[in-house]
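Colleague: sequence and predicted model, in that order:
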Amino acid sequence: MLGFPKQGALEAKKHLDSLVERVPPKYHPELHVLYDWVTDGAFQAALREPTTENWKYCKESMPTPPYLYIDKQLETSLAGPLLEVKYPEVKGIQPSCRLCEEALAGNVEEKVKHVVITCSCGRMYCHKKCADEYLLQEAQCYICKNYYIYDFKNSGLIATIVGQI
Ligand SMILES: [Zn+2]
Ligand SMILES: [Zn+2]
């Protein structure tokens with residue numbers, strides 16, 4: 001936001017001072033509000049790790065949250081901690097089957113037959129053969145106890161992945 005650093009109170013203060021010098025005084029109150037935002041712990045955490053949870057938490061914990069900015073971030077943020085997003089968001093990664101760990105496709109754009117197995121815990125991208133075998137043995141997830149949802153796709157993995165975000 002306006003070049004404010006994502007962490008470091010001292011850097012943020014320096015940046016505030018330099019903006020104050022360059023910007024007409026009538027905008028200074030806004031700059032200070034911005035400074036309060038970027039030095040807020042919850043807001044900094046959300047900038048570093050822009051998950052849906054972190055942005056929602058900002059709305060609750062910040063004294064004067066920037067609702068418009070946060071809503072904008074929420075439109076594009078990922079659900080859950082980023083660490084749980086195991087499957088390729090980036091072109092060039094070679095996606096592999098969650099069950100046998102062999103390649104599913106050469107890259108996320110290649111059209112490929114695959115199955116997405118879903119339960120409350122998340123999604124697994126698998127070969128059809130692996131998914132069929134797995135579901136014969138395990139119709140329910142042993143963690144959340146829900147029945148798996150089986151979704152056969154014949155498309156680039158990127159389409160499946162982008163559809164989920
Ligand atoms: Zn497999
Ligand atoms: Zn589950």
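Modeller: Structure received. Numbering: from 1, shown residues only. Ligands and ions are numbered 1, 2, ... in the order given.
Colleague: so which bits of stretch 103-120 are buried?
Modeller: By neighbour count on 16 or more other CB atoms under 10 Å, the buried set for stretch 103-120 is 104, 105, 107, 108, 112, 114, 115, 116, 117, 118, 119. Where C-beta positions appear, they are placed from N, C-alpha and C, glycine not excepted.
Colleague: could you do stretch 12-27 as well?
Modeller: 12, 15, 16, 19.
Colleague: kindly report the same for stretch 120-131.
Modeller: Buried residues in stretch 120-131, counted by 16+ other CB under 10 Å: 122, 123, 124, 125, 126, 127, 128, 130, 131.
Colleague: sitting in strands, which of these do you find?
Modeller: Judged by DSSP state E, the subset of those located in strands is 122, 123, 124, 125, 126.
Colleague: thinking again about what came up before, wait, which of the buried residues of stretch 120-131 is closest to ligand 2?
Modeller: Ranked by distance to ligand 2 (CB to the ion), these are led by residue 122 at 7.4 Å.
Colleague: got a pLDDT number for that closest one?
Modeller: Residue 122 is assigned 86 on the pLDDT scale.
Colleague: from ligand 1, how far off is it?
Modeller: Distance, residue 122 to ligand 1, by CB to the ion, to the nearest Å: 17 Å.
Colleague: how about the helices in the protein?
Modeller: 9-22, 28-38, 41-48, 52-61, 67-76, 128-137, 157-164 (DSSP state H).
Colleague: so which of those helices is nearest ligand 1?
Modeller: Closest of those to ligand 1 is helix 128-137, at 3.3 Å (criterion: CB to the ion).
Colleague: turn the buried residues of stretch 12-27 into CSV, including pLDDT and distance to ligand 1.
Modeller: CSV is the format used below for those (pLDDT from 0 to 100; distance: CB to the ion, whole Å):
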residue, pLDDT, distance to ligand 1
12, 79, 48
15, 82, 49
16, 82, 53
19, 82, 53
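Colleague: next, give me the two most distant ones among those.
Modeller: Within the buried residues of stretch 12-27, 12 and 19 form the most distant pair, 10.5 Å apart (CB to CB).
Colleague: what is the burial count for the residue nearest to residue 33 when sequence neighbours are not counted?
Modeller: Distance criterion CB to CB, 6 or more residues apart in numbering; nearest residue to residue 33, sequence neighbours excluded, is residue 64 at 7.1 Å. Applying other CB atoms under 10 Å, we find 9 residues neighbouring residue 64.
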